[in-house]
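In: Predicted coordinates and the sequence they were generated for:
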Amino acid sequence: MYITLTSIHLKSVWKFFQLSNNGLHISRQCKKEKGFAGMKNTGFGLDHYTMSRWETEEDRNRFYRTGAHATAMRKTADMATEIVTYSYEGKDFPDWKRAKQLLKENGKVMRF
């Protein structure tokens, strides 16, 4: 199994509506994807987080490069100042405190 952690720092609280709309379409896409094994999200204000679990790395890669997720990624610079991602092999989701620590220590940072 593959776990992917993501954090997004919004440009303003008003961008939350755009984030929520993207999230709705992305969650619908996930449920249809081969290899999807679960998702969690949390956040408040400017900082939001997701966790997703995939049967294989190939399943995860196919998901993030297509559909609603790919569309949302092309709009990220308009919505966020920073996204951090970290993926690793694992069976279970970490708790949110551990997920945030893993992102801080190991995450790939993209700034806009």
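Out: In hand now; what should we look at? Numbers count the residues shown, from 1 in each chain.
In: Got phi/psi on residue 35?
Out: phi 90, psi 0 (degrees, to the nearest 10).
In: so what pLDDT did it get?
Out: Residue 35 carries a pLDDT value of 98.
In: for residue 49, same thing?
Out: For residue 49, the pLDDT comes out at 99.
In: counting contacts, what elements does the host helix or strand of it pack onto?
Out: Assigned by DSSP states H and E, residue 49 falls within strand 47-54. In terms of contacts (3 or more Cβ pairs under 8 Å, 6 or more residues apart in numbering; DSSP states H and E), strand 47-54 is packed against strand 2-10, helix 16-32, strand 36-44, helix 57-64, helix 96-106. Where you see a C-beta, it was placed from the backbone N, CA and C, and this is true even at glycine.
In: And the ones you listed: which comes nearest residue 83?
Out: strand 2-10 (5.1 Å; Cβ to Cβ).
In: still on that earlier bit, pick the most buried one from the helices and strands packed on strand 47-54.
Out: strand 2-10 (a mean of 20; mean count of other Cβ atoms under 10 Å).
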